[in-house]
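Undergrad: Predicted model and sequence follow; I will ask about them next.
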Amino acid sequence: MGCHCSEKLKKLVQEAQSKDKEITEANREDGPYWGRMVASNFLSEVGKRPLITKCNCRSAQRINTALRYLKGKSVKSAIAESGGGTILDRLSQNTAYATYKKILTDKPQKVEPVGVMIIGR
């Protein structure tokens, strides 16, 4: 029996791509708070998955790197705000989602900017 890690990696990438559509729709329909909340909830759920321990292939390494990233303290802290928090929290949420996708795909990802409203004197 061969390893099935490349199929698992493809499935994770497909999940993220379908979540992209949901995030885009939430941003368009309800605003960026809701888009970040969708992304944060997705990352929280994916981060609960177990690491691959019985294989050391390249796909397994990429999956494990992505899961370890999501289990890290800074990502857990960012996604705990689930869409809200300070400007830094919001940027951290956007960065966490983009970084997770970059680890899976090994391709650069766009980090959504966080709008700041400056009120004059």
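TA: That came through, no problem. Values in this document were obtained by computation on a predicted structure and should not be read as measured data. Numbers count the residues shown, from 1 in each chain.

Undergrad: Please count neighbours and contacts with C-alpha atoms only from this point.
TA: OK.

Undergrad: three-state assignment of Asn56?
TA: coil (DSSP: H, G, I helix; E, B strand; the rest coil).

Undergrad: tell me the phi and psi of it?
TA: Main-chain torsions, Asn56, degrees, to the nearest 10: phi -130, psi 20.

Undergrad: That one and Glu15: what is the separation?
TA: To Glu15, Asn56 is 22 Å away according to Cα to Cα, to the nearest Å.

Undergrad: next one: Leu51
TA: Distance from Leu51 to Glu15, by Cα to Cα: 17 Å.

Undergrad: pLDDT weak spots in the chain?
TA: Along the chain, segments meeting pLDDT under 70 span 1, 111-121.

Undergrad: and with 80 instead?
TA: 1-2, 81-87, 108-121 (pLDDT under 80).

Undergrad: which residues of it fall in helices?
TA: Assigned by DSSP state H, the helices in the chain fall at 5-30, 32-46, 58-71, 73-80, 87-105.

Undergrad: Dump the ones you listed to CSV, plus mean neighbour count.
TA: Output for the helices of the chain, formatted as CSV (neighbours: other Cα atoms under 10 Å):
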stretch, mean neighbour count
helix 5-30, 15
helix 32-46, 20
helix 58-71, 19
helix 73-80, 18
helix 87-105, 20
